[in-house]
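Chemist: Turn this into a model:
(2 chains)
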Protein chains: 2
Amino acid sequence: MTTQFHEKTLSADALDQIFREARSYNGWLAKPVTEAQISAIYELMKMGPTSANMQPARIVWVKSADAKDRLAACASEGNRDKILTAPVTAVIGYDIDFHEELPWLFPHTDAKSWFDGDEEGRKEGAFRNSALQGAYLMIAARAIGLDCGPMSGFDAKKVEQEFFGDNPWHRVNFICSIGYGDPTSIFDRSPRPEFDTFNTLV
Amino acid sequence: MTTQFHEKTLSADALDQIFREARSYNGWLAKPVTEAQISAIYELMKMGPTSANMQPARIVWVKSADAKDRLAACASEGNRDKILTAPVTAVIGYDIDFHEELPWLFPHTDAKSWFDGDEEGRKEGAFRNSALQGAYLMIAARAIGLDCGPMSGFDAKKVEQEFFGDNPWHRVNFICSIGYGDPTSIFDRSPRPEFDTFNTLV
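Modeler: Residues are numbered from 1 along each chain as shown, chains lettered A, B, ... in the order given. Okay, the predicted model is just below:
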């Protein structure tokens, strides 16, 4: 039996840390992110739900100077320094052939057969669910005291060639620098909508 | 200046609540979700990052008996009861014409012009970023003591017609029931990958 938390709300500090005070950083303090922290992010994010537990995200953590140079060369000019100065940047990719892993990821039924021969359905499912996993990654990083700087300004084909080159079924979704954010590198927070603007209750 | 939480990790209970012990529920206790709770979910999720603050999610919260019937009629057979018995089901849609809102959502530059005339780019951006927002929605619901049951088994065209019918630029991403999960309705947790299975450090 799993533990439930009905009627329990996270502390105000915790909600601030993962949502309300967290910001997307453009610059980073000169303080490394360790392999243990990267592993801790993944151990949390992998618990988040994906459709049929497909777990399509394939992540390359870009940490060495050489790898940062290679990733920065694929990014739009405004994003290059955000990669070069970050302790680590996660390349959040996905595997269009994720269904080959379903026999062990979703063992209680033959979920692989739902996707055999349906490349369009697999592309959509992998894209949607790897985006969910990218969001879990960012919340998990914040939950352990790190900051994020997600980016989609890059040449996707170049990133795929450079980091997933040997697998033609891997695509990139977005990239996200992670570290200790430099508080002087953020802009004023952009406005957030009122509930009624984009929500309907029926 | 924003508050930072460097070196602070959420409590073990909080990490259990949003990631490690949270489960996808198939059945619900007979206990309502209030409009105040729905609003609280949105107030948290809207703080999560989206590209250029595009906030493309358009959410219909299906709470009345009539609306549940209409949504259940669009769902695959195995998902109908999950909708009918849930206190509320969020239809997480997105607006392909989100760029029309960028002048007020991202006021410091002319981001609308980046997307004018680029329907394919808008579709991809809206799909990716509304999936991120769907993940924030689930984490936010869990953070205030509720449980989630995300689903992608439904007829998308029917859902769009039924709930976004008057706007041809709105699409559905996925749907998610929310409430107090019935602990007898969950299966054994599906296996999660070790770090080295789907991650590379370079």
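Chemist: use CA for all of it now, contacts and neighbours both
Modeler: OK.
Chemist: Name the residues of the top helix by length along chain A that are buried.
Modeler: The helix that spans the most residues within chain A, counting by DSSP state H, is helix A:119-143. For helix A:119-143, the neighbour count (16 or more other CA atoms under 10 Å in any protein chain shown) marks A:122-123, A:125-143 as buried.
Chemist: do the same with stretch A:156-171
Modeler: Going by neighbour count (16+ other CA under 10 Å), the buried part of stretch A:156-171 is A:156, A:158-160, A:163-164, A:170-171.
Chemist: Let me know the average pLDDT across that stretch.
Modeler: The predicted model assigns stretch A:156-171 a mean pLDDT of 95.
Chemist: Out of the buried residues of stretch A:156-171, which two are the most distant from each other?
Modeler: A:Lys158 and A:His170 (12.4 Å; CA to CA).
Chemist: which residues does A:Cys56 contact?
Modeler: You called it Cys, but residue A:56 is Pro. Shown in contact with A:Pro56 (CA atoms under 8 Å, 6 or more residues apart in numbering or on different chains): A:94-96, A:98, A:126, A:129-130.
Chemist: again, only using 10 Å
Modeler: A:50, A:92-99, A:101, A:122, A:125-133, A:170, B:198 (CA atoms under 10 Å, 6 or more residues apart in numbering or on different chains).
Chemist: can you check A:Asn26 too?
Modeler: Here A:Asn26 is in contact with A:78-79, A:81-83, A:85-86, A:148-151, A:177, A:181-187 (CA under 10 Å, 6+ apart).
Chemist: any low-confidence regions in chain A?
Modeler: In the prediction, chain A carries no residues with pLDDT under 70.
Chemist: can you map out the helices along it?
Modeler: A:12-15, A:35-45, A:65-72, A:77-84, A:102-105, A:112-115, A:119-143, A:156-164, A:195-198.
Chemist: export those helices to TSV and tack on distance to B:Glu21?
Modeler: Below are the helices of chain A laid out as TSV (distance: least, CA to CA, whole Å):
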stretch	distance to B:Glu21
helix A:12-15	17
helix A:35-45	11
helix A:65-72	35
helix A:77-84	34
helix A:102-105	18
helix A:112-115	26
helix A:119-143	14
helix A:156-164	33
helix A:195-198	29
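Chemist: Let me know which of those helices is the nearest to B:Glu35.
Modeler: Counting by CA to CA, B:Glu35 lies closest to helix A:195-198 out of the helices of chain A; the figure is 11.0 Å.
Chemist: The closest one: which residues count as buried?
Modeler: For helix A:195-198, the neighbour count (16+ other CA under 10 Å) marks A:195, A:198 as buried.
Chemist: and that helix, anywhere near chain B?
Modeler: Yes. Shown here: helix A:195-198 in contact with chain B (CA under 10 Å from any CA of the partner chain) through A:195-198.
Chemist: got the contact list for that helix?
Modeler: B:38-43, B:46, B:55-60, B:93-95.
Chemist: And those residues, which two are furthest apart?
Modeler: Among the contacts of helix A:195-198, B:Ala40 and B:Asp95 lie farthest apart (CA to CA), at 22.3 Å.
Chemist: If you count surrounding residues, which of these two has more?
Modeler: Set side by side, B:Ala40 and B:Asp95 show more neighbours around B:Asp95, with 26 against 15, by other CA atoms under 10 Å in any protein chain shown.
Chemist: can you point me to the longest strand in chain A?
Modeler: strand A:170-179 (DSSP state E).
Chemist: wait, doesn't A:Val172 sit right on A:Gly134?
Modeler: No. Contact between A:Val172 and A:Gly134 fails when scored by CA atoms under 10 Å: they sit 11.1 Å apart.
Chemist: which residues do the two both contact?
Modeler: Residues within reach of A:Val172 and of A:Gly134 at once, by CA under 10 Å, 6+ apart, are A:57, A:59, A:91-93.
Chemist: Go back to these and keep what's next to chain B.
Modeler: When contact is defined as CA under 10 Å from any CA, those meet chain B at A:57, A:59, A:91-93.
Chemist: on that earlier part again, ChimeraX command for the buried members of the contacts of A:Asn26?
Modeler: To isolate the buried members of the contacts of A:Asn26 in ChimeraX, using 16+ other CA under 10 Å:
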select /A:79,81,82,83,85,86,148,149,150,151,177,181,183
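Chemist: From the contacts of helix A:195-198, list just the buried residues.
Modeler: Among the contacts of helix A:195-198, those buried by neighbour count (16+ other CA under 10 Å) are B:38, B:41-43, B:46, B:55-60, B:93-95.
Chemist: which one is the residue nearest to the spatial centre of chain A nearest to, not counting chain neighbours?
Modeler: Closest residue to the average C-alpha location of chain A: A:Gly134 at 2.2 Å, with CA atoms, centre = their mean. Distances taken as CA to CA, 6 or more residues apart in numbering or on different chains place A:Ile92 nearest to A:Gly134, at 6.6 Å, with adjacent residues excluded.
Chemist: any idea how far A:Met47 is from that neighbour?
Modeler: A:Ile92 sits 16 Å away from A:Met47, going by CA to CA, to the nearest Å.
Chemist: Ok, A:Val62 next?
Modeler: 22 Å.
Chemist: out of these two, which sits in the more crowded spot?
Modeler: A:Val62 (27 against 24).
Chemist: Spatially, which two of the shared contacts of A:Val172 and A:Gly134 are the most separated?
Modeler: Taking CA to CA as the measure, these reach their widest spread between A:Ala57 and A:Val91, a distance of 9.7 Å.
Chemist: what sits in contact with each of the two?
Modeler: Joint contacts of A:Ala57 and A:Val91 (CA under 10 Å, 6+ apart) are A:134, A:172-173, B:199.
Chemist: any idea which of those residues is the one closest to A:Gln4?
Modeler: Of these, the one sitting nearest to A:Gln4 (CA to CA) turns out to be A:Gly134, at 24.8 Å.
Chemist: List the contacts of that closest one.
Modeler: By CA under 10 Å, 6+ apart, A:Gly134 lies in contact with A:45, A:57, A:59, A:90-93, A:128, A:140, A:150, A:173-176, B:128, B:131-132, B:135.
Chemist: Equivalent analysis for A:Ile144, please.
Modeler: Per CA under 10 Å, 6+ apart, neighbours of A:Ile144: A:17-18, A:37, A:40-41, A:44, B:5-11, B:15.
Chemist: which of those residues has the most neighbours?
Modeler: In terms of neighbours by other CA under 10 Å, the contacts of A:Ile144 top out with A:Ile18 at 28 neighbours.
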